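J.: curious how this folds, go ahead:
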Amino acid sequence: MNKRYVEIVNLVKAYPNPVGDPIRVVDGFNLNIAEGEVIGVIGHSGCGKSTVLTMTAGLNEITNGNIVVDGKEIDGPGPDRAVVFQAPCLLPWMTAAQNVMLGVKRVYPHATKRQRKDIVAYYLSLVGLADAMDKRPREMSGGMQQRVGIARAIALKPKMLLLDEPFGRLDSLTRMDLQDVILDILDREKLTTMVITHDVDEAIYMSDRICMMTNGPRARVGQVLDIPFERPRDRKAVLAHDLYYDLRGCLIDFLEKFEKKKHTDQAEEIAAPRSAKEPPISTRGDVSARDATLTNPLTLAVVSPMA
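T.: I've put the predicted structure just below:
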């Protein structure tokens, strides 16, 4: 297996600051992803998870650093990286089939009309919408709309699938159903995948490894946790596994540590306001690998630029 199918090296995203130097939301993010691997990215709100994903998708300009997918450095959006957002983002005047066809026409320019229809039908069937291909978004539930968004992304035959909290707006039962739908597709298609999530249980169930980000600004990889469960995944077996609650506790410990740090820093900032000469960029999230290490019986790998 190629250990560096996706390479994210010293990634930086900075936004203009009218009163000083640019604010580095993400600073020195390093991560390698193997071909066919599913990696979860978790952290507190505002730490830059979605920023990393949109830069990987080519939708957000990279300030510094590099992202390489299958040996090619990205320089903008492309069909080799498909994104599923929290909202399905369907065109309301088009049917489910027509929404999926938009991408199919671009990726299969030399296919016949019949072949394109068969491709659309196949991927909609794969997500359980064989009987809803002619429905428009207003005629579908939120879960059905998100299935269309998933089918549209998978139909592009991407090298990398990017999931930005795709279940965030769904009820718990629909959420679990769609988790299984995506995992089944990933096992079939062997897609390299990044999943952004706030949900600890979702991260454990869906991921092969979980990247835990430090607080922003200047967020980066804090630690990476290996998930030992084999694929295909069975939810009951995962929940009953001896290591499940150890893994869960490890993630919660990490998140709680940085939540406490955030509150401590906020209190210190209120007690001692920044002087006029102090640099405007906060370094609250800029922790060293040694500081980020947790005491846990599980093996945690601190990611280096070449990890």
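
J.: just checking, Val12 is part of a strand?
T.: Yes - using DSSP: H, G, I helix; E, B strand; the rest coil, the assignment for Val12 is a strand.

J.: beta partners for it?
T.: As for beta bridges, Val12 partners with Asp27, Asn64 under DSSP bridges.

J.: residue numbering should commence at 52 henceforth.
T.: Okay, residue one is now 52; in that scheme the one you just asked about reads as Val63.

J.: go ahead and confirm it touches Val77.
T.: Yes - using C-beta atoms under 8 Å, Val63 is in contact with Val77, at 6.3 Å. Yep, even glycine has a C-beta here, placed from its N, CA and C like the rest.

J.: okay, the two: which has more neighbours?
T.: Val77 (26 against 18; other C-beta atoms under 10 Å).

J.: show me the helices in the stretch 152-301 of the chain, by range?
T.: Ranges of helices in the stretch 152-301 of the chain, per DSSP state H, counting those that start in this stretch, are 164-177, 193-205, 223-240, 251-257, 286-291, 295-322.

J.: and of these, who's closest to Gly273?
T.: helix 295-322 (6.6 Å; C-beta to C-beta).

J.: which residues of this structure score low on pLDDT?
T.: 52-54, 310-358 (pLDDT under 70).

J.: could you check how far Arg203 is from Met145?
T.: According to C-beta to C-beta, to the nearest Å, Arg203 and Met145 sit 11 Å apart.

J.: higher neighbour count, these two?
T.: It is Arg203, of Arg203 and Met145, that has more neighbours when counted by other C-beta under 10 Å, with 26 against 15.

J.: before we move on, the earlier item: just name the most buried of the helices of the stretch 152-301 of the chain.
T.: helix 193-205 (a mean of 24; mean count of other C-beta atoms under 10 Å).

J.: list of residues touching that one?
T.: 133-136, 139-141, 147, 150-151, 153-154, 174-175, 177-180, 183, 186, 188, 191, 212, 217-218, 220-221, 225, 228-229, 232-233, 236, 240, 242 (C-beta atoms under 8 Å, 6 or more residues apart in numbering).

J.: can you rerun that using 7 Å?
T.: For helix 193-205, the external contacting residues (C-beta atoms under 7 Å, 6 or more residues apart in numbering) are 133-135, 139-141, 147, 150-151, 154, 174-175, 177-180, 183, 188, 212, 217, 220-221, 225, 229, 233, 236, 240.
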